[in-house]
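Participant: Sequence and computational prediction follow.
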Amino acid sequence: MSNEIAATPQLPPAGWYTSPDNATLIRWWDGSGWTKHSTPKVAAPGAPPQVVYVSARPGEKTTGIAYLFIWLLGGVSAHNFYLGRIGPAIGFLALYWGGWALTGVGVGVVMLIAAVIWFIVDLCCIRQYVDEANAKL
């Protein structure tokens, strides 16, 4: 005698499948037969959305804005702060406002003259300062 097992058709496991009656629906298969439960077929998701990377660096500095700052707010060294030149900005503030504070003493006038010379040098070099600031971006 042989040990032959009768081949029985293998049924799919229980789950949601495309309905044999309507291709726009999915229907529940309980493992042995179709049930009355069905729902509209949902389209498969498309390609994932494209990721766009945005640079977080600050924008380019312009010579016009730097000149505007030096003429309108030169006494507070706004042009140096705008261009990221924090050290020179603080130095100019100390020299300029220290000069005004010490005008009663002879050294204040000397400090103000030095601040005016510094201001003129900044006026002459502002384009170079803008280029240096943009090169750091």
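Facilitator: That came through, no problem. Numbering: from 1, shown residues only.
Participant: what pairs with the longest strand along the chain, and is each one parallel or antiparallel?
Facilitator: Using DSSP state E, we find that the single longest strand of the chain is strand 34-40. If you go by DSSP bridges, strand 34-40 pairs up with strand 25-29 (antiparallel).
Participant: Going by neighbour count, list what's buried in the strand it pairs with.
Facilitator: Across strand 25-29, burial judged by 16 or more other C-beta atoms under 10 Å covers 26-27, 29. C-beta here means a position set from N, CA and C on the backbone, and glycine is covered the same way.
Participant: of these, closest to F81?
Facilitator: Nearest to F81 among these: I26, at 63.9 Å, using C-beta to C-beta.
Participant: For the closest one, list each beta-bridge partner.
Facilitator: Going by DSSP bridges, I26 forms beta bridges with T18, T39.
Participant: one step back: can I get the next helix-or-strand element following the longest strand of the chain as PDB, trimmed to CA atoms?
Facilitator: Reading on from strand 34-40 to the C-terminus, the next helix or strand found by DSSP states H and E is helix 63-73. In PDB, the C-alpha atoms belonging to helix 63-73 read as follows (Å, rounded to 0.1, in the frame of the first residue of the first chain):
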ATOM      1  CA  THR A  63      26.700  97.100  -0.800                       C
ATOM      2  CA  GLY A  64      23.700  99.400  -1.000                       C
ATOM      3  CA  ILE A  65      22.300  98.300   2.400                       C
ATOM      4  CA  ALA A  66      25.800  98.500   3.900                       C
ATOM      5  CA  TYR A  67      26.200 102.100   2.700                       C
ATOM      6  CA  LEU A  68      22.700 102.900   4.000                       C
ATOM      7  CA  PHE A  69      23.600 101.600   7.400                       C
ATOM      8  CA  ILE A  70      27.000 103.500   7.500                       C
ATOM      9  CA  TRP A  71      25.400 106.800   6.600                       C
ATOM     10  CA  LEU A  72      22.200 106.600   8.700                       C
ATOM     11  CA  LEU A  73      23.400 104.500  11.700                       C
END
